[in-house]
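In: Pasted the sequence and its predicted model underneath.
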Amino acid sequence: MKKIKVAKKIQTPTLIDCDPGVDDAFAIALALASPEIDLRAITTVHGNVPARMAYRNARRVVPFLGVNLRSPKPLPAVYPGAGLPLRGGRIDRKISISIHGEDGLGDLFRKRKPPAPGLRRESRVASQVIASLSRGLGGSLSIIAIGPLTNLALAVRRDRKALAGVGRIVIMGGAAQVPGNATRAAEFNVHCDPEAAEVVMNCGAPITMIGLNVTRRAVLPSRSLGGGGEFRGALRDLARPYIGFSKRRRGVDGVTLHDPLAVAAALEPGLVGCLHRKVSVECGSGPARGMTVVDLRPGADAPASRARSVEVAMEVDEKRFLRLFLSRLRAYRGWS
């Protein structure tokens, strides 16, 4: 009698570039709880918080999540990245503080002692790591970029050919046919460094853009964070300022899962419906700075145009996404 071979679940080598950030922490939680993702590295960048704080936050979040996983797994190394946009200048973070708290993590670790990092301090910087993994893994590597795109643009400058050869870059950024959230025209991540976004959009890699037009529909109701055990309580504390801001500004009682949707789209591309379109980024100094201009004219998705196009998410199955997200959180002790 022949033995039946059980196919092993394929893991995709993945790098996450982020600026933690409440929803970045939720995104990392989803990635670590997903067996399909082999999370090789996390790189950090300026954005929701200054670069030094982003690096510190990632080094707190990763071991915090790791010790709460029901099935322990190797944790990714965390690498520091760019502290300023490509052309320099400062970012106004007043709104970020009201959304993410003073420390970027809802002041979570003011109430709780942060876990011992357990992660060594790395000497390489983000752009080096991104370029190196891209060269080494090529088409098997997925990059999920959920902050400003400065690190990726610097990696393109280091080795454009390597970045062009990765399997896919999934970006949480931009907005198609809807207003921005940093300005009337621009989404926050792109607005932080429009020049970097323009470089990445034209780097030659397959790119999926998960913009505000779909992420605003991916809302985790605050009631989903009620009850449960200690881990769920920690996530509730993490999200508290975020939920408060959403209630005041948008009348939404929940966490808008911008960054986790990008991770989920990498896991299950069928969650979002995309169009292949050319995307340009407004890099001028006027009120449209940071706007993602998506070419939605008839015929703009012609086969001849696809080589230089971006997969732009236009639809999302938000119910299916929330089911996936909540089911993965069960991988953590103290969720239920």
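Out: Received the coordinates, thanks.

In: mind checking how far the closest residue to His258 other than its chain neighbours is from Phe188?
Out: Nearest in space to His258, with sequence neighbours left out and distances taken as Cβ to Cβ, 6 or more residues apart in numbering, is Thr215 at 4.1 Å. C-beta coordinates here come from the backbone N, C-alpha and C atoms, glycine included. To Phe188, Thr215 is 11 Å away according to Cβ to Cβ, to the nearest Å.

In: for Asp38, helix, strand, or coil?
Out: strand (DSSP: H, G, I helix; E, B strand; the rest coil).

In: count of neighbours near the residue nearest to it when sequence neighbours are not counted?
Out: Using Cβ to Cβ, 6+ apart and skipping the chain neighbours, the partner closest in space to Asp38 is Gln11 (4.0 Å). By other Cβ atoms under 10 Å, 13 other residues sit near Gln11.

In: can you pull the contacts of Gln11?
Out: Pro35, Glu36, Ile37, Asp38 (Cβ atoms under 8 Å, 6 or more residues apart in numbering).

In: same deal with Ile37?
Out: Ile37 touches Gln11, Thr12, Thr14, Ala31, Val263, Ala266, Leu267, counting by Cβ under 8 Å, 6+ apart.

In: Mark which of those are part of helices, please.
Out: Ala31, Val263, Ala266, Leu267 (DSSP state H).

In: who wins for most neighbours among these?
Out: Ranking those using other Cβ under 10 Å puts Val263 first, with 30 neighbours.

In: Check it and give its pLDDT.
Out: pLDDT recorded at Val263 is 98.

In: sorry, back to before: and the furthest pair within the contacts of Ile37?
Out: For these, the farthest-apart pair by Cβ to Cβ is Gln11 and Val263; their separation is 14.3 Å.

In: buried sites along stretch 103-114?
Out: Asp103, Gly104, Leu105, Gly106, Asp107, Leu108, Phe109, Pro114 (16 or more other Cβ atoms under 10 Å).

In: coming back round to it: just give me the closest of the contacts of Gln11 to Ala331.
Out: Nearest to Ala331, judged by Cβ to Cβ, of the contacts of Gln11 is Pro35 at 8.8 Å.

In: Doesn't the closest one belong to a strand?
Out: No - using three-state DSSP, the assignment for Pro35 is coil, not a strand.

In: helix or strand for Asn57, which one?
Out: Per DSSP states H and E: Asn57 is located in helix 51-68.

In: what element comes up after that helix heading to the C-terminus?
Out: Downstream of helix 51-68, the first helix or strand assigned by DSSP H and E is strand 77-79.

In: what's that following strand packed up against?
Out: In terms of contacts (3 or more Cβ pairs under 8 Å, 6 or more residues apart in numbering; DSSP states H and E), strand 77-79 is packed against strand 37-44, helix 51-68, helix 126-137.

In: please redo it, this time with the cut-off set to 7 Å
Out: strand 37-44, helix 51-68 (3 or more Cβ pairs under 7 Å, 6 or more residues apart in numbering; DSSP states H and E).

In: winner for burial among these?
Out: Ranked by mean neighbour count, the helices and strands packed on strand 77-79 are led by strand 37-44 with a mean of 24 (mean count of other Cβ atoms under 10 Å).

In: quick one, that strand and helix 126-137 angle?
Out: 150 degrees (axes from the mean of the first three to the mean of the last three Cα atoms, to 10 degrees).
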